[in-house]
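**Q** Curious how this folds, go ahead:
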Amino acid sequence: MLYGLSHAVVQRLLLAVLTLVLNGCSSEQRGEKCIGEVKTLSGQPLGTLQGSVIDRFSSFTVFMPPLKLDSGPLHSNDPQRYVPSAVTRDGWLAQRISSRRFSIINAPGDQAITFLCPVLSASGSDQHRLLSPLR
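**A** Reported below is the predicted structural model:
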């Protein structure tokens, strides 16, 4: 007996802890639904698109089917002065601007997308033309 607990109680307790651990490890991260403002690198607006962003603070992932971009570890010598950034495997510059704003920049495609999360609602008057993320 452990700490005066019966064998059956210890088994149930271990089973409950194991179930919680497995659920935590196997749960899918869904991310937040976000609207991305698409511009050229010179700042001309191209429209908006919808995506999901999973924020892990030191990295983030953007899902815009069929595209999935993982920022990898974000770096900043001084986060108070410089935006934490990284270059993805696909060559996009990824930036965590704030806890609600994320930017991905495709220089060869002349495209910059800034996501604002979460999107609370989009009424008919707020809807914008949704664009494909790749050109």
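**Q** For this protein, which segments count as strands?
**A** Remark: strands assigned in the chain by DSSP state E are 32-39, 45-55, 60-64, 67-70, 85-87, 93-96, 101-106, 111-116.
**Q** and the second one with strand 60-64, angle?
**A** What it means is strand 45-55. With axes from the mean of the first three to the mean of the last three C-alpha atoms, to 10 degrees defining the directions, strand 45-55 sits at 130 degrees from strand 60-64.
**Q** for strand 45-55, packing partners?
**A** Counting contacts by 3 or more C-beta pairs under 8 Å, 6 or more residues apart in numbering; DSSP states H and E, strand 45-55 is packed against strand 32-39, strand 60-64, strand 111-116. No exception for glycine: its C-beta is placed from N, CA and C like everyone else's.
**Q** buried sites along it?
**A** The neighbour-count check on strand 45-55 (16 or more other C-beta atoms under 10 Å) flags 46, 48, 49, 50, 51, 52, 53, 55 as buried.
**Q** JSON lines for those, including pLDDT and distance to residue 79?
**A** Converted to JSON lines, these look like this (pLDDT from 0 to 100; distance: C-beta to C-beta, whole Å):
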{"residue": "46", "pLDDT": "96", "distance to residue 79": "30"}
{"residue": "48", "pLDDT": "95", "distance to residue 79": "28"}
{"residue": "49", "pLDDT": "94", "distance to residue 79": "28"}
{"residue": "50", "pLDDT": "94", "distance to residue 79": "28"}
{"residue": "51", "pLDDT": "94", "distance to residue 79": "24"}
{"residue": "52", "pLDDT": "95", "distance to residue 79": "24"}
{"residue": "53", "pLDDT": "96", "distance to residue 79": "19"}
{"residue": "55", "pLDDT": "94", "distance to residue 79": "15"}
